[in-house]
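**Student:** I'll drop the sequence and a predicted model, then ask my questions.
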Amino acid sequence: MEINYIKIAETFAIILIYFLLRNFTNRVIERTKNEKLIQPVRSLIVKRAIGLFLLIVSLIIISLIWGVDENELFVFVGSALTVVGVALFAQWSILSNITASIIIFFNHHVKLGDEVRILEGKDYVIEGKVKDLGLFFISLETKEGEEITIPNNVFISKSIQSKSTPQ
């Protein structure tokens, strides 16, 4: 019976750590959203993705605490990851764009309203104002009023000049 009290205490500790980490990451995401003028919907998607990852890790740790056999757990997790991996391999560009979106969210200097020049090559330049930073695409509005959408994975791989708009 005493062992169960230890397991219960460890479970509560993992749950507490989960909520503290989720709260911390949500605050970091909110601060980043406000600094970079990112749409609330986009930050919500990033919060959910990180929250789901933290939840899965917490559930795995709790399962181990309560005596689930490590080999069986790792076979299950490995099988699930294999299925997900095969599904995402078929859609590698989607995964690539989602990953690029998270990188842009946290580490890219471009924000809504910025004027950007994307240097496609020696003779080809795309210019426009950033209208939307989405999960899969970035939308630019040209001086002629046209809208150009660029996949996130392409956007982070190009040389970009930006001019921030005054706040």
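**Tutor:** Right, received. Where do you want to start?

**Student:** Which residue lies nearest the spatial centre of the protein?
**Tutor:** Compute the mean C-alpha point of the chain, and by Cα atoms, centre = their mean the closest residue is Ile102, 3.6 Å away.

**Student:** Surely that one and Val46 touch.
**Tutor:** Yes - under the criterion of Cβ atoms under 8 Å, Ile102 makes contact with Val46 at 6.2 Å. (Each C-beta comes from the backbone N, C-alpha and C, glycine too.)

**Student:** Show me the strands in this structure, by range?
**Tutor:** For the chain, applying DSSP state E gives strands covering 115-119, 125-133, 137-141, 147-151, 159-163.

**Student:** Each with direction, which strands does the fourth one pair with?
**Tutor:** For strand 147-151, the paired strands and their directions (DSSP bridges) are strand 137-141 (antiparallel).

**Student:** angle of the strand it pairs with against strand 125-133?
**Tutor:** Counting by axes from the mean of the first three to the mean of the last three Cα atoms, to 10 degrees, strand 137-141 lies at 120 degrees to strand 125-133.

**Student:** Flag every buried residue along strand 137-141.
**Tutor:** By 16 or more other Cβ atoms under 10 Å, the buried positions in strand 137-141 come out as 137-138, 140.
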